[in-house]
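[1] what follows is a predicted protein model with its sequence.
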Amino acid sequence: MLHLKALEAAMAHILSHYGGWGLFAISFLDSSFLAFPFINDLLLIKLASVHPYNAVWYSLQCTMGSVLGAYAIYFLTLHGTKLIWRRPVQEESRIRTWIKRNDFLSILVASLLPPPTPFKVFAVVAGGMRTSQRRFMAALVIGRGLRFSFEAWLGAYYGAIAQAYLRRNVVWLSVITAAAVVIVVVALRILRRKPHPS
């Protein structure tokens, strides 16, 4: 276990020297097969602070890497469960039914939360429950896009100070953002269910 952590740290150090594409690789690996907790967030802020005019591009590279990494886990789980369970399950628990009805919201909120949130678990569950690929990808792109765009803006606007600010406030910022998303989605659902006056 210690050797794996040392290997992950060494890889992160090497990839961090390759700018935006190193950021892409770290984000991909962090969302899929390895774990680089918080490294891509801090590297994104650092690159955006050094090259503020490329901040949008860095946020896109970070988002693309993270989305593709999570999709790799989702894809493997999805097709693995198809091979194991060929017959559809007839009876479903209430929890399973709730997750199926709220899959988009669950993935969206999870993608906004910072480390050490185990996001890989959500990708595995989504694949295991055969969640719609379009809904999974849409929620993931929106959630990761918002998170990394905000971090890139912090780096471009506040510079290196933003790293210390993010370390201190990342939990509260993410929780507030996730809560706001939940409130908006729930409000939209309530408005849709309201009967329109004739």
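    Sure, I can see it.
[2] figure out how far stretch 40-53 is from the centre of its chain.
    Here stretch 40-53 shows a centroid-to-chain-centroid distance of 18 Å under the convention Cα atoms, centre = their mean, to the nearest Å.
[3] just stretch 17-27 next, same as before
    With Cα atoms, centre = their mean, you get 16 Å for stretch 17-27.
[4] quick one: the strands in this protein?
    With strands called from DSSP state E, the chain shows none.
[5] now do the same contact list for F75.
    G127 (Cβ atoms under 8 Å, 6 or more residues apart in numbering). Placement of C-beta: from N, CA and C, glycine included.
[6] how about the helices in this structure?
    Along the chain, counting by DSSP state H, helices occupy 2-15, 19-31, 39-50, 55-84, 94-101, 103-112, 119-128, 133-158, 161-193.
[7] redo those as a markdown table? Include mean pLDDT.
    A markdown table is the format used below for the helices of the chain (pLDDT from 0 to 100):
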| stretch | mean pLDDT |
| --- | --- |
| helix 2-15 | 60 |
| helix 19-31 | 88 |
| helix 39-50 | 87 |
| helix 55-84 | 87 |
| helix 94-101 | 62 |
| helix 103-112 | 83 |
| helix 119-128 | 83 |
| helix 133-158 | 90 |
| helix 161-193 | 73 |
